[in-house]
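A.B. asks: This is the structure alone, sequence omitted:
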């Protein structure tokens, strides 16, 4: 199984890789749920690690219903990632009724055939996750995974829905379901036994004192990795 962790800079990225993370999500403004990092931060991280890097592309934290001006910023930010040699992004856009904005998603995909997209937790805002999954499955060549807590505030509360989504993922051979939000070393075992996902996304639970102000807690990271690897 694969472990993805949130990082904020090159130093954290290197530490995450050294501790055994399989992939990282690079964000800024984590207190706002994660926004697009600076050009310098993206460059630093891409040059610091050999594991895959997914760069958050989110211009603001108000909502996921973007204007054409927002999309102009988003396209420029993605172009910068591509210019730096990156291909992984974390993105999600909705209509005012919270259904998937396919038009904007298609615009993003047209920027590069190599884009590797994580559709982020905007997915937890949609009225029907099953319907939304079927929509995203049409773009599975680029939308590789969906970060979700099953429509609930955390993965423990959403584990039954996550199991259903994981089963749909296998049935349709679509984007991977990646549980994220509220995962800890204490509950990952129970959640995995229920959901049986192949990728998991961790945030502050892997940090010393569970705050993004501190670095990774090596003991906790290794505990999670051991559980995910079945050791």
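C.D. replies: All right, it came through fine. As the structure is a computational prediction, the values presented were derived from the model and not from experiment. Residues are numbered from 1 along each chain as shown.
A.B. asks: Can you report how many residues lie near residue 75?
C.D. replies: 16 (other Cβ atoms under 10 Å). (Glycine included, C-beta is placed from N, CA and C.)
A.B. asks: Please settle this for me: is it part of a strand?
C.D. replies: No. Counting by DSSP: H, G, I helix; E, B strand; the rest coil, residue 75 falls outside a strand, being helix.
A.B. asks: you'd agree it is up against residue 104?
C.D. replies: No. In this structure, residue 75 is not within contact of residue 104 by Cβ atoms under 8 Å, at 9.7 Å.
A.B. asks: And the helices in this protein?
C.D. replies: 10-19, 39-48, 68-83, 102-109, 129-137, 159-172, 188-195, 218-228 (DSSP state H).
A.B. asks: contacts for the second one?
C.D. replies: Looking back up the chat, that one is helix 39-48. With Cβ atoms under 8 Å, 6 or more residues apart in numbering as the test, helix 39-48 has contacts from 7-11, 13-14, 24, 26, 28, 37, 53, 55, 80-81, 84-86.
A.B. asks: Mind doing that once more with 10 Å?
C.D. replies: By Cβ atoms under 10 Å, 6 or more residues apart in numbering, the residues outside helix 39-48 that reach it are 7-17, 24, 26-28, 36-38, 53, 55-56, 77, 80-81, 83-86, 88.
A.B. asks: remind me which residues of this protein are low pLDDT?
C.D. replies: 231 (pLDDT under 70).
A.B. asks: run the last query once more with 90
C.D. replies: The chain contains residues with pLDDT under 90 at 31-33, 228-231.
A.B. asks: show me the contacts for residue 192.
C.D. replies: 1, 155, 159, 179, 183, 198, 200, 227-228, 230.
A.B. asks: Buried members of the residues you listed into PyMOL, please.
C.D. replies: Buried residues among the contacts of residue 192 (16 or more other Cβ atoms under 10 Å), as a PyMOL selection:
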select buried, resi 155+159+179+183+198+200+227+228
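A.B. asks: Now distance to residue 69 too, for the contacts of residue 192, in CSV please.
C.D. replies: Formatted as CSV, the contacts of residue 192 follow (distance: Cβ to Cβ, whole Å):
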residue, distance to residue 69
1, 40
155, 34
159, 38
179, 33
183, 35
198, 38
200, 35
227, 44
228, 41
230, 48
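A.B. asks: re earlier: for the helices of the chain, give me TSV that also has distance to residue 208.
C.D. replies: Shown next, in TSV, are the helices of the chain (distance: least, Cβ to Cβ, whole Å):
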stretch	distance to residue 208
helix 10-19	11
helix 39-48	20
helix 68-83	29
helix 102-109	36
helix 129-137	34
helix 159-172	27
helix 188-195	18
helix 218-228	9
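A.B. asks: which one of the ones you listed lies closest to residue 212?
C.D. replies: Closest of these to residue 212 is helix 10-19, at 9.1 Å (criterion: Cβ to Cβ).
A.B. asks: So which other helices or strands are in contact with that closest one?
C.D. replies: Judged by 3 or more Cβ pairs under 10 Å, 6 or more residues apart in numbering; DSSP states H and E, helix 10-19 is in contact with strand 2-7, strand 23-26, helix 39-48, helix 218-228.
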